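*Asks:* with the input below, show me the fold.
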Amino acid sequence: MTLELIQGLLLAFALVVILMPPYIRLARHFGMAKQIRTEGPQGHMVKWGTPTMGGLLLIVVVLGIYLLLRPLQGGIIAPLATLALVGLLGAVDDWLNAKTGEGISAKQKLLWQTVVAVFVAWQIQNTYAITGIRVPFIGEVAVEPWLYVPFAAFAIVAASNAVNITDGLDGLAGGTLAFAFVCFMIIALLNVPAQPNIAFLSALIIGVMLGYLWFNAHPAQVFMGDSGSLAFGAALAVIALITGQILVLPLIGLVFVIETMSDIIQIGYFKLSHGKRVFKMAPLHHHFELSGWDEVKITLRFWIVGILAGLLGVTLFMASINAVA
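*Replies:* From the prediction side, this is the model:
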């Protein structure tokens, strides 16, 4: 199995590295350029016009390799469908943003995410006949299906938007996503019973993320856009649900949690205090930018936090298995 994972990862990486240059030229030809928010850090204005919607290519590579090499069994339908359906939403949003400067409205986007999340949550519960949620060091706690589906749907939508919020610096979201999927690839292999299909899918996603980082490293040649950040964030939550480690996800995805919480705190305090701010700008990576940190330094330090949090998450998973066994 280890050989298959390595081969899949390398194949996914190679395809992205080969296909991304012509994809970037195609994106430029069709005017798929990133629109930078004027209220954001002024240093980001140099990114104006950088090709976006790179996430669509990453999704196509992942789905193409998986469907070509592995059987489409019930347990894998949920993450594949999530990538396709949420990726479609993100692609439409990227297209509209590039053409008009305004993407899909927040309400419409949330509605589509919720519909997909509820469908996927139901499919997971129906496929695996889930009757509980695994709690670290305690074991499985019984949960009724009618309660599990909205809980799972909320987790999918939350993770999708958390990664989207994090995707604001060159290499930041791509690197942290790669680390998170490495953790869940390990979890899928060590799980009881093992989940080789989930591990293989995680390996493919790691491969495309590494390929994407080849072009997204500062200064970025392409952005993944909402088509990538929304889709892979949602898929991360789906894999966490399928492996039974959804409660470990906030630790493994600690960077995404911190970034999201900084945004929530900033907005909440701004409204309650009638215009005052906790951070210079939210999400948190912008606060550090305005504090004088170099973009590469912020990205690398967030990567380090992501790696350490991921190691703690995998350690917690393994300790929980041994404690419950």
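*Asks:* now do the closest residue to residue 69 other than its chain neighbours, the pLDDT please.
*Replies:* In space, and not counting its chain neighbours, residue 69 is closest to residue 8: 7.1 Å by C-beta to C-beta, 6 or more residues apart in numbering. In short, each C-beta sits where N, CA and C put it, glycine included. Residue 8 carries a pLDDT value of 97.
*Asks:* only the buried residues of the helix or strand residue 8 falls within, if you could.
*Replies:* For residue 8, the enclosing helix or strand under DSSP states H and E is helix 2-29. Counting neighbours by 16 or more other C-beta atoms under 10 Å, one finds that the buried residues in helix 2-29 are 5, 8-9, 11-13, 15-17, 20, 23-24, 27.
*Asks:* in JSON lines, list the residues you listed along with distance to residue 52.
*Replies:* Below are the buried residues of helix 2-29 laid out as JSON lines (distance: C-beta to C-beta, whole Å):
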{"residue": "5", "distance to residue 52": "30"}
{"residue": "8", "distance to residue 52": "27"}
{"residue": "9", "distance to residue 52": "25"}
{"residue": "11", "distance to residue 52": "25"}
{"residue": "12", "distance to residue 52": "21"}
{"residue": "13", "distance to residue 52": "21"}
{"residue": "15", "distance to residue 52": "20"}
{"residue": "16", "distance to residue 52": "16"}
{"residue": "17", "distance to residue 52": "19"}
{"residue": "20", "distance to residue 52": "13"}
{"residue": "23", "distance to residue 52": "11"}
{"residue": "24", "distance to residue 52": "10"}
{"residue": "27", "distance to residue 52": "7"}
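*Asks:* and which of the residues you listed is nearest to residue 207?
*Replies:* residue 12 (2.9 Å; C-beta to C-beta).
*Asks:* for the spatially closest residue to residue 130 that is not a sequence neighbour, give its distance to residue 78.
*Replies:* The spatially closest residue to residue 130, leaving aside those adjacent along the chain, is residue 148, at 5.8 Å (C-beta to C-beta, 6+ apart). Residue 148 sits 13 Å away from residue 78, going by C-beta to C-beta, to the nearest Å.
*Asks:* please apply the same query to residue 271.
*Replies:* Taking C-beta to C-beta, one finds residue 271 at 37 Å from residue 78.
*Asks:* can you map out the strands along this protein?
*Replies:* All strands of the chain, identified by DSSP state E, fall at 132-135, 139-142.
*Asks:* in the first one, what counts as buried?
*Replies:* Residues of strand 132-135 classed as buried: 133, 134 (neighbour count, 16+ other C-beta under 10 Å).
*Asks:* just checking, what packs against it?
*Replies:* Contacting strand 132-135 under the criterion 3 or more C-beta pairs under 8 Å, 6 or more residues apart in numbering; DSSP states H and E are the following elements: strand 139-142.
*Asks:* by mean pLDDT, flag the weakest helix or strand of this structure.
*Replies:* Ranked by mean pLDDT, DSSP states H and E, the weakest helix or strand in the chain is strand 139-142, scoring a mean of 82.
*Asks:* who are the packing partners of that strand?
*Replies:* Judged by 3+ C-beta pairs under 8 Å, 6+ apart, the packing partners of strand 139-142 are strand 132-135.
*Asks:* and the strand it packs on, which strands flank it?
*Replies:* Note on strand 132-135: by DSSP bridges, its sheet partners are strand 139-142 (antiparallel).
*Asks:* ok now the partner strand, how far from the chain's centre?
*Replies:* Taking C-alpha atoms, centre = their mean, to the nearest Å, the mean C-alpha location of strand 139-142 is offset from the chain mean by 27 Å.
*Asks:* got a list of contacts for that strand?
*Replies:* 131, 132, 133, 134, 135, 244, 324 (C-beta atoms under 8 Å, 6 or more residues apart in numbering).
*Asks:* show me what the third one is bridged to.
*Replies:* Translated: residue 133. In this entry, residue 133 is beta-bridged to residue 141, by DSSP bridges.
*Asks:* that one touches residue 147, doesn't it?
*Replies:* No: the criterion here is C-beta atoms under 8 Å, and residue 133 misses it with residue 147 at 9.6 Å.
*Asks:* overlap of the contact sets of those two?
*Replies:* Counting by C-beta under 8 Å, 6+ apart, residue 133 and residue 147 have no shared contacts at all.
*Asks:* that concludes my questions; thank you for your assistance.
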